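Give me a 3D structure for the following:
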Amino acid sequence: MPLPLLISAAVALSVSHTDTTRSVVVPMMPTVVTTPVTGIRSRLVADSIVVVKSRRSLTLYQGGFAIRTYGVALGKQPQGDKLRKGDNRTPEGVFRIDARNADSRFHRALHISYPDVEHMRRSTALGVAPGGDVMIHGLPKGYEKLGPSHREFDWTEGCVAVTNDEIEEIWRAVPDGTPIQIKP
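Numbers count the residues shown, from 1 in each chain. Got it, this is the predicted structure:
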């Protein structure tokens, strides 16, 4: 049941306390209990993604609630916003998942809509190319067995990397057009 309907039902079923001077309605708020997600294999769909570079995390959200968080590896120069092609930085800002590559050399890849208008304007002012092909992806062929240990250092050229099992989950949960915010 969607949360607004659940809250409406809770208010409708609220307890009423009455004394001789006044009537007070005290809404009973539902208790939201979450079950840890060990694998997203159902019809669960994320409606947004947030990457926090300083925490090396990628979180999928649905209706404003975090549904799954993954550890990530970033570009080799993770601090600061991407300025130009080849700077090995992961861009910062709000983008969208605008394409997918099922046959990526990094197992699977979801393309991030970088560069946006602001990044294009800035790189043009600097007289440099903004770069592109920023993705959320798995591990390169031949390195799959690294698993979560790949996160011990930042190794991408500006992408957001997860394990192959994790990109499979993210791939199923994230439709094209999903907004992604990448924070410092």
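
Secondary structure class of residue 120, three-state.
State at residue 120, reduced to three classes by DSSP: H, G, I helix; E, B strand; the rest coil: helix.

Tell me the spacing between it and residue 72.
In this view, residue 120 and residue 72 are 25 Å apart by CB to CB, to the nearest Å. Using the backbone N, CA and C atoms, a C-beta is placed for each residue, glycine as well.

middle-most residue in this structure, spatially?
residue 49 (2.4 Å; CA atoms, centre = their mean).

Of residue 120 and residue 72, give the one with the bigger neighbour count.
More crowded of residue 120 and residue 72, by other CB atoms under 10 Å: residue 72, with 24 against 13.

pretty sure the more buried one is touching residue 160, no?
Yes. The pair formed by residue 72 and residue 160 meets the contact definition of CB atoms under 8 Å, at 5.1 Å.

show me the contacts for the residue nearest to residue 175 when sequence neighbours are not counted.
Excluding its sequence neighbours, the residue lying closest to residue 175 (CB to CB, 6 or more residues apart in numbering) is residue 45, at 6.3 Å. Residue 45 sits next to 62, 173-175 when contact means CB atoms under 8 Å, 6 or more residues apart in numbering.

which among those end up buried?
By neighbour count, with 16 or more other CB atoms under 10 Å, those hold 173-174 as buried.

Which member of the contacts of residue 45 is positioned nearest residue 137?
For the contacts of residue 45, the minimum distance to residue 137 (CB to CB) is 12.6 Å, reached by residue 174.

Wait, residue 170 touches residue 60, no?
Yes. With contacts counted by CB under 8 Å, residue 170 reaches residue 60, the gap being 7.0 Å.

show me where pLDDT drops low in this protein?
Along the chain, the model assigns pLDDT under 70 to residues 1-43.

what sits up against the longest strand belonging to it?
Secondary structure of the chain read by DSSP state E shows that its longest strand is strand 93-104. For strand 93-104, the surrounding residues in contact (CB under 8 Å, 6+ apart) are 49, 81, 108-114, 116, 118-119, 135-138, 171, 174-182.

now do 10 Å
When contacts are defined by CB atoms under 10 Å, 6 or more residues apart in numbering, strand 93-104 is touched by residues 46, 48-51, 81-82, 107-116, 118-119, 133-138, 140-141, 167, 170-171, 174-183.

Which among those residues count as buried?
Counted by 16+ other CB under 10 Å, the contacts of strand 93-104 give 46, 48-51, 81-82, 107-115, 119, 134-138, 140, 167, 170-171, 174, 178, 180, 182 as buried.

Next step: those restricted to helices.
Among the buried ones among the contacts of strand 93-104, the members found in helices (DSSP state H) are 119, 167, 170-171.
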